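> below: sequence and its predicted model.
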Amino acid sequence: MPNRLLLRLAAQDGIRRLVTSAPPTRRVVKRFVAGETLADGMAAAASLNEHGMGAILDYLGENVATGEQADQAAGAYLASLAAIGRSRTDAHVSVKLTQLGLDLSFDAAVARLGEICAAATTARTRVAIDMEGHEYTDRTIEAYRIVRKEFAHPVLALQAYLKRTGADVAALAPLRPAIRLVKGAYNEPKDIAYGPWKTRDAFRRLLQPLLAQTPYTGVGTHDELMVQEAIRFAHRKEIPTDRFEFQMLYGVRRDLQEKLRAEGYGVRVYVPFGEAWYPYLMRRMAERPANLRLFLEAIARG
Ligand SMILES: Cc1cc2nc3c(=O)[nH]c(=O)nc-3n(C[C@H](O)[C@H](O)[C@H](O)COP(=O)(O)OP(=O)(O)OC[C@H]3O[C@@H](n4cnc5c(N)ncnc54)[C@H](O)[C@@H]3O)c2cc1C
């Protein structure tokens with residue numbers, strides 16, 4: 001579970017200004033973000049491909065305030081997919097619905113998502129839909145259901161820390177959905193979300209029907225216990241290794257990424273790029289106190 005206090009502090013304007021204007025921040029950003037341009041994202045994806053891993057390109061941004069910003073974000077995804085198709089890079093893209101204007105209009109956000117899904121079909125790849133804070137869960141699942149009618153490839157991220165997710169997995173089962181299972185990275189109220197231990201139990205519990213019954217599961221974790229659990233279960237049920245892959249974040253547990261690849265498992269790395277890195281970076285800080293220390297030391301060194 002992410003550190004709730006840090007996520008609350010990070011949302012304050014003063015802290016945001018302080019962090020984004022401090023030059024040493026850039027060094028820490030570089031560890032978790034591939035760069036500011038599509039070329040940076042594509043270069044990171046190409047390098048991962050050279051090392052036998054796939055990529056998930058994420059154009060950073062969320063909660064846009066205008067339709068123009070949502071169109072601009074959708075345009076960035078269309079450009080990413082054109083580049084993926086042209087270069088035949090092994091990469092898909094991952095979008096946030098609030099970046100496509102979900103706060104402004106559900107229908108317009110879904111229309112943009114549909115356009116991105118069509119471009120992914122042309123590029124022979126997939127679109128994944130990130131899961132954001134709980135106030136967006138219902139609308140995100142509904143958007144997934146809508147595009148799933150037309151496209152086979154979309155992937156939906158679901159969060160094990162939400163108590164509702166077991167019911168969501170059961171309700172989605174008839175669609176044979178492609179799911180990326182993650183623990184969850186937002187500051188959620190205790191009445192709807194589990195703490196760290198129960199989240200692990202839930203992750204284990206959810207993983208089993210997904211691996212056994214769906215065509216594609218992204219096991220989105222760096223937690224070695226969860227990774228071993230997935231491997232043991234897949235082995236016991238004779239689930240072929242092309243039905244699942246391990247997905248990890250750029251700059252996190254490269255050793256584990258490499259180890260799994262060497263053992264013959266599919267590994268795909270989530271590669272964020274773009275200028276709007278602040279909320280993404282703060283979620284990475286909140287996941288691990290050691291990251292925060294690294295960051296504060298960089299600022300202290302100046
Ligand atoms: C591919 C991918 C996509 C994701 N998409 C979403 C999404 O759509 N919605 C959402 O809410 N969340 C998403 N997340 C984030 C996820 O919910 C967790 O917050 C994050 O993965 C940390 O949980 P963990 O399972 O790795 O376990 P943890 O118990 O947090 O971490 C296990 C170990 O991994 C390492 N580690 C984990 N995080 C970090 C870090 N930030 N920096 C350095 N080391 C770290 C540490 O060694 C730690 O001990 C995604 C994660 C991945 C990998």
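Looks like it arrived, so ask away. Numbering: from 1, shown residues only.

> and the residue positioned nearest the centre of the chain, how far from A91?
With distances taken as C-alpha atoms, centre = their mean, the residue of the chain nearest its centroid is D130 (5.2 Å). The spacing between D130 and A91, counted by C-beta to C-beta, to the nearest Å, is 15 Å. For every residue, glycine as well, the C-beta is placed using N, CA and C.

> what does K149 give?
Applying C-beta to C-beta to K149 and A91 gives a distance of 25 Å.

> what about those two, which has more around it?
A91 (27 against 7; other C-beta atoms under 10 Å).

> run through the residues that contact the more buried one.
Counting by C-beta atoms under 8 Å, 6 or more residues apart in numbering, A91 makes contact with 45, 49, 54-57, 84, 125, 271.

> okay if I get the residues you listed as TSV plus pLDDT?
Below are those laid out as TSV (pLDDT from 0 to 100):
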residue	pLDDT
A45	98
N49	98
G54	98
A55	98
I56	98
L57	98
I84	98
T125	98
V271	98
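
> got a PyMOL select line for the buried ones in these?
The PyMOL command for the buried members of the contacts of A91 (criterion: 16 or more other C-beta atoms under 10 Å) is given here:
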select buried, resi 45+49+54+55+56+57+84+125+271
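
> so which elements touch the longest helix along the chain?
The single longest helix within the chain, with elements called by DSSP state H, is helix 67-87. On a contact count with 3 or more C-beta pairs under 8 Å, 6 or more residues apart in numbering; DSSP states H and E, helix 67-87 meets helix 38-50, strand 54-59, strand 91-95, helix 106-122.

> torsion angles phi and psi at the nearest residue to Q159 once chain neighbours are set aside?
Spatial nearest neighbour of Q159, chain neighbours left out: G184 (3.3 Å); criterion: C-beta to C-beta, 6 or more residues apart in numbering. Backbone geometry at G184, expressed as degrees, to the nearest 10, gives phi 120, psi 140.

> what about V271, which helix or strand?
Using DSSP states H and E, V271 maps to strand 267-273.

> wait, what's in contact with the residue of the stretch 1-150 of the chain found nearest the ligand?
At 3.4 Å from the ligand, D130 is the closest residue in the stretch 1-150 of the chain, using C-beta to the nearest ligand atom. By C-beta under 8 Å, 6+ apart, the residues touching D130 are 58, 94-96, 157.

> can you pull the residues of the stretch 151-300 of the chain lying near the ligand?
157, 159, 180, 182-186, 220-223, 247-249, 252-253, 270, 284, 287-288, 291 (C-beta under 6 Å from any ligand atom).

> ranges for the strands of the stretch 201-302 of the chain?
Using DSSP state E, counting those that start in this stretch, the strands of the stretch 201-302 of the chain run over residues 217-220, 244-249, 267-273.

> isn't L6 up against R288?
No - the criterion here is C-beta atoms under 8 Å, and L6 misses it with R288 at 10.3 Å.

> out of the two, which sits in the more crowded spot?
Shown here are L6 and R288; by other C-beta under 10 Å, L6 has more neighbours (19 against 14).
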